[in-house]
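Asker: Build the 3D model from these lines:
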Amino acid sequence: MTVTTYKWTIERYHRALDAGLFDDQPVELLRGDLVVMPPEREPHAYYNSEVGDYLRTLLGNRVKIREAHPITLPNDSEPAPDLAIVKPLGAVYLEHHPYPDDIFWLIEFSYTTLDKDLNEKKAVYGEAGIAEYWVVNLKDRELTVFRDLENGRYTTELTFRTGVVSPQAFQDVQIQVQRLMNQYQ
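Answerer: The predicted structure follows:
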């Protein structure tokens, strides 16, 4: 017996959302597959909020920081990254979620979803042309930065436990690595 799965397009996914089909279950779309999002526990919510605020103080009105809101990607994906640092396009986002060209970089905070974030989401983001992707590993207290796309794959992977890092789009901004995960025990 062959199992065939139904692949969702962005358009069908949006129609299902508009019809309230997923009102009782948070989901995201990755490469046409519906993925149930795990419940957000306190540490994850804390870091998402605190780091969002920290980045707002560093970047000011040069960006819009979206916390756990969808982005729309061309590979039939509409994930909700923990933080999306995007162009401040105002009311444009009433018409559509940020597209890859609107995104400076994405951040995921990981504890139980580390494998998914370092593999599946990294591949989805790379294929879609997201220039930079960060994974904050809350368990091992380290930051992994993926950069330098080539044929839809990141060619540079940097790992930090301390020090500062500057996003490619804002080389004048120094982000303290420990501020991304400083309170987790």
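Asker: For the strand or helix carrying Val135, which strands pair with it and how are they oriented?
Answerer: Using DSSP states H and E, Val135 sits within strand 133-137. Strand 133-137 sits in its sheet next to strand 103-110 (parallel), strand 142-150 (antiparallel), going by DSSP bridges.
Asker: Return the most buried member of the ones you listed.
Answerer: Ranked by mean neighbour count under mean count of other C-beta atoms under 10 Å, those are led by strand 103-110, which reaches a mean of 24. For glycine as for every other residue, the C-beta is placed from the backbone atoms N, C-alpha and C.
Asker: for it, the distance to its chain's centre please.
Answerer: Chain-centre distance of strand 103-110: 4 Å, with C-alpha atoms, centre = their mean, to the nearest Å.
Asker: all helices for the protein, in order.
Answerer: 10-18, 42-59, 92-95, 114-116, 122-128 (DSSP state H).
Asker: Hmm, Tyr125 is touching Tyr133, no?
Answerer: Yes. Assessed by C-beta atoms under 8 Å, Tyr125 is found in contact with Tyr133 at 4.8 Å.
Asker: what is in contact with these two at once?
Answerer: 106, 146 (C-beta atoms under 8 Å, 6 or more residues apart in numbering).
Asker: Looking at the two, which has the bigger crowd around it?
Answerer: Tyr125 (29 against 24; other C-beta atoms under 10 Å).
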